[in-house]
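Chemist: sequence? don't have it. structure:
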């Protein structure tokens, strides 16, 4: 499974547990509840390939601690 890191001024932070990835969408758990519509800078590490990208928080689904954040990749 790919690893997704939040970039803060170029510094990576491991705050996501990836549940599912498909083309253009990351579904992940996080201890942080980001604002719907918020844009995040991400680094995706997958099979030796590293890609920096931007994602928009699309939704939070599920109850309580099982809440999953949906991140729509925008570039």
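Modeler: It's in. Keep in mind it's a predicted model, so treat the numbers as computed, not measured.
Chemist: list the buried residues in the longest strand along the chain.
Modeler: Counting residues, the longest strand in the chain under DSSP state E turns out to be strand 49-61. Taking 16 or more other C-beta atoms under 10 Å as the neighbour-count basis, strand 49-61 is seen to contain the buried residues 53, 55, 57. C-beta coordinates here come from the backbone N, C-alpha and C atoms, glycine included.
Chemist: dump those into CSV; add distance to residue 65 as well.
Modeler: Output for those, formatted as CSV (distance: C-beta to C-beta, whole Å):
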residue, distance to residue 65
53, 27
55, 22
57, 18
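Chemist: between those residues, which sits nearest residue 44?
Modeler: For the buried residues of strand 49-61, the residue nearest residue 44 by C-beta to C-beta is residue 53; the value is 6.4 Å.
Chemist: list the contacts of that closest one.
Modeler: Taking C-beta atoms under 8 Å, 6 or more residues apart in numbering, we find residue 53 in contact with 41, 42, 43, 44, 73, 74, 75.
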